[in-house]
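Trainee: need a 3D model of the sequence below.
(2 chains)
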Amino acid sequence: MLKDKIEKYLLSVQKPSRYIGGECGSVIKDKSKVDVRFAFCFPDSYDIGMSHLGMKILYSLINERENYWCERVFAPWEDFEAIMRENDIPLYALESLDPVKEFDFVGFTMQYELSYTNVLNMLDLAGIPVWAKDRGEELSPIVVAGGPCVCNPEPLADFFDIIILGEGEEVNLEIMDLYHEFKRKGAKRSEFLRAVSQIKGAYVPSLYDVEYNADNTVKAVVPKGNAPAVVTKRYIKDMDSVYYPENFVVPFTDIVHNRVSVEVLRGCIRGCRFCQAGFIYRPFREKSTLNICKQSKVLCENTGYDELSLCSLSTSDHSDINNMLSNLIDYTEGEHINLALPSLRIDNFSEELLEKVKKVRKSGLTFAPEAGTQRLRDVINKNVTEEEIMNTCRIAFEGGYSTVKLYFMMGLPTETDEDIVGIAELAQRIVDMYYTIENRPKGRGVQVSISTATFVPKPFTPFQFEAQDTKEEIERKQKLLIDSIKTKKIKVSWHNSDVSLLEAVLAKGDRRLSEVIFAAWKKGCKFDSWGEHFKFDKWVEAFEECGISPAFYAHRFREYDEILPWDHINYYVSKNFLINEDKTARMAKTTPNCRQKCSACGVVKETGVRCFD
Amino acid sequence: MIKVRTVFRKTGRAKYISHLDLNRFMLRAFRRTGLPIWYTEGYNPHPYIAFALALSLGYESDCEIMDFNLNSEVDFDEIVSKLNAVMPEGIEFISAFAPVNKITAIARSEFSVKMFCDDTQKLMKDFSDFLQRDSIIVEKKTKKGMSEIDLKPSVETSELVCDDSCVSFNVILPAGTQTNYNPSLLIDAFKNVINYPIDMVKICRNSIISDNGEKFL
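Mentor: Predicted structure coming up:
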């Protein structure tokens, strides 16, 4: 039995409880009574994957069905991977401890470009061919993927049998139902894949041929047989009737986000032009306060967690935010539960609510102005004014805070040196303002931390056409920023720009990238998102060997009439809208948020659903 | 405020839950039982729970002790059944009662040890010889850094039993608030003197002994 073999080595690895399952809330079924088994794989370590809300939702959703069984799989850390390879322990799922290879579905959630090599490594550990074309005609295992990164599925297209576009609550079960039917009649893999391509939201990459122009741009994506020419994402119409779990798997070991998460809304009204999530999760949909409170209570009771967090792209944009928070705080206070409120704007709260929120907010204060000048904030449509930033900082300082963290991006379209210097100047004005406050924290100096990321253009955003700055240009701007700071009260940090380059290439790539990902993995790349594991030199070698230039994907402005690798994928936001938004950005003009005025992004036209009455 | 002592088993998959994680897990478990657990009254109120002895990662046990306080009286059987209703595979509460003995009275623990390897006859002979030594010097991490100690005077072992797969024995070692020696100290010292590997060692705490020589529970 695999379990005995695993246990023999478990005490020689770090945090062994990650590899043995048995947590409260994990679902155990009798496999002889199960028709379809789904291995839900998170291509990163247990500690990261167990924090992911989407997995919790889809895990419970599948397990609600008596004859389907969903189990969890994570990437083993290197110490355990070495033991697994040495002792022929295949990748296994945490509930049954059965090999992943025996499952009907092996599904990966793609949350981050730098986890792509982990997918290949996990498939290899499972003993499943990494290339979809090598999996033969046997029906199982069907290797599927979903998540935000696959909105441009092309760089990963050759590794997956099916790529699921959009939200999974409905389509996952539809695909499993169809599979169940084909399994009963003993169908071949190709028969099932042809049939599944007719389900809305299910993209079968092997049913499409990609043709290229002489200049390496995409010429055409041609569907085979009756596969749809355009594949459209799925979304859930009503957040109040959609399934939400009543229990979570509660890990024994401490993980990144070890708490109850309740989703309060999907989509975002803001339309920041760099933000992929702001476009791919449209339309904007809210969950009612009643449901949010009910789900919070049920989950806290069933899991025993003493921390509750609200999850969304922008919780403050919930139309009933004051009432909702007020109710939640009343509940959590009485039950000794900490309420975590990430990404919350506090500038428009009532005095009374502010007092309540102050009591529960212990975490640091963070803002994301994203750009240093109002002109550039207008370009990116980050509708935050300096007055608002100052006002919120003032409220926070008066409430006892003395440290602020500010997030910025470098290399944004139209950016000039003035915008970089503007970052330092904004931080300086916050420092100066602190010392004008009479009731500021006594005996403490102010600390403003600036964290800068390199802008990464992403598909389905108005900036999908834009080029990323080269490393040399980013380094020059970083130096300029450092030179513009005159006080030790301001600290600057930044992300590795090699990482940002790879993100851009993998986000905006086409099918030829799969050879590069494969080559990089063969050279030992995995856990690329972990600084200590990131081997950029190996990636450079992989690009060279495959004859592929990263600059072609990252540093090139793409003309509006160029066929983009993801143009056959429909996320409801129209390309014309994105082109117009990019043009508006270049004029430094803003677009009102969706609640103020519908900008006709295409979602309403395509779905027939109005976001607001 | 009512003081309660409980005894639980920790076996199977649950042996991989570390002491720190177990503590955190039990706090969550209490919230799910609905038992009227008593919270500390300081700046950061939290349920008060205390484990008599820490159990090393990977050890099983038949006799772990957890003390806590309740705000109001609850039938002891009900405490056991409510706790068991929220336990994962491998943790099982056996009893709940009002504590009589003080935790500080704990002096020693008894463990059963199973050492697995190919040639168990040889292993038994080597281990038997090892135990006959005049002294068994091991390195132990203390608060002041590494220090050398002689286990020999503190170790009491039962007769060794050998079958095809393993060598088994019971061992009694000091435990409690002052001195804690793990069976692993002994086994690791033994591993250092033999030139072949032991495949696997299974260790389970069987009982806890008071300073007067009687069973603590």
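
Trainee: spatially nearest residue to the residue positioned nearest the centre of chain B, not counting backbone neighbours?
Mentor: In chain B, the residue lying closest to the centroid (Cα atoms, centre = their mean) is residue B:55, at 3.9 Å. Distance criterion Cβ to Cβ, 6 or more residues apart in numbering or on different chains; nearest residue to residue B:55, sequence neighbours excluded, is residue B:61 at 5.3 Å. Placement of C-beta: from N, CA and C, glycine included.

Trainee: can you check residue A:18 too?
Mentor: Using Cβ to Cβ, 6+ apart, the closest residue to residue A:18 is residue A:46 (3.9 Å).

Trainee: before we move on, what about residue B:51?
Mentor: Closest to residue B:51 by Cβ to Cβ, 6+ apart is residue B:66, at 5.5 Å.

Trainee: what does residue A:239 give?
Mentor: Per Cβ to Cβ, 6+ apart, closest to residue A:239 is residue A:287, 4.3 Å.

Trainee: surely that neighbour touches residue A:241?
Mentor: No - if you go by Cβ atoms under 8 Å, residue A:287 and residue A:241 don't touch, sitting 10.2 Å apart.

Trainee: when these two are compared, which one has more neighbours?
Mentor: Taking neighbours as other Cβ atoms under 10 Å in any protein chain shown, residue A:287 and residue A:241 compare with residue A:287 leading, 23 against 9.

Trainee: need the contact list for the more buried one.
Mentor: Residues near residue A:287 by Cβ atoms under 8 Å, 6 or more residues apart in numbering or on different chains: A:239-240, A:263-265.

Trainee: which bits of chain B sit near chain A?
Mentor: Neighbours of chain A within chain B, by Cβ under 8 Å from any Cβ of the partner chain: B:12-14, B:16-18, B:21-22, B:24-25, B:27-32, B:39, B:45-46, B:57-58, B:86-90, B:199-200.

Trainee: let's see that with 6 Å instead.
Mentor: B:13, B:16-17, B:21, B:25, B:28-29, B:31-32, B:58, B:88-89, B:200 (Cβ under 6 Å from any Cβ of the partner chain).

Trainee: which residue lies farthest from the center of chain A?
Mentor: Largest centroid distance in chain A under Cα atoms, centre = their mean is residue A:438 at 41.9 Å.

Trainee: SS state for it?
Mentor: coil (DSSP: H, G, I helix; E, B strand; the rest coil).

Trainee: what residues does the stretch 1-150 of chain A have near chain B?
Mentor: Counting by Cβ under 6 Å from any Cβ, the stretch 1-150 of chain A sits next to chain B at A:8, A:11, A:16-17, A:20, A:22, A:24.

Trainee: follow-up on the earlier one: isn't there a strand covering the residue nearest to the centre of chain B?
Mentor: No - per three-state DSSP, residue B:55 lies outside any strand segment and is coil.

Trainee: what sits opposite the residue nearest to residue B:55 in the beta ladder?
Mentor: residue B:10, residue B:205 (DSSP bridges).

Trainee: which pLDDT value goes with it?
Mentor: Residue B:61 carries a pLDDT value of 98.

Trainee: quick revisit: could you dump the residues of the stretch 1-150 of chain A next to chain B to JSON lines with pLDDT?
Mentor: Formatted as JSON lines, the residues of the stretch 1-150 of chain A next to chain B follow (pLDDT from 0 to 100):
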{"residue": "A:8", "pLDDT": "91"}
{"residue": "A:11", "pLDDT": "92"}
{"residue": "A:16", "pLDDT": "95"}
{"residue": "A:17", "pLDDT": "94"}
{"residue": "A:20", "pLDDT": "96"}
{"residue": "A:22", "pLDDT": "95"}
{"residue": "A:24", "pLDDT": "95"}
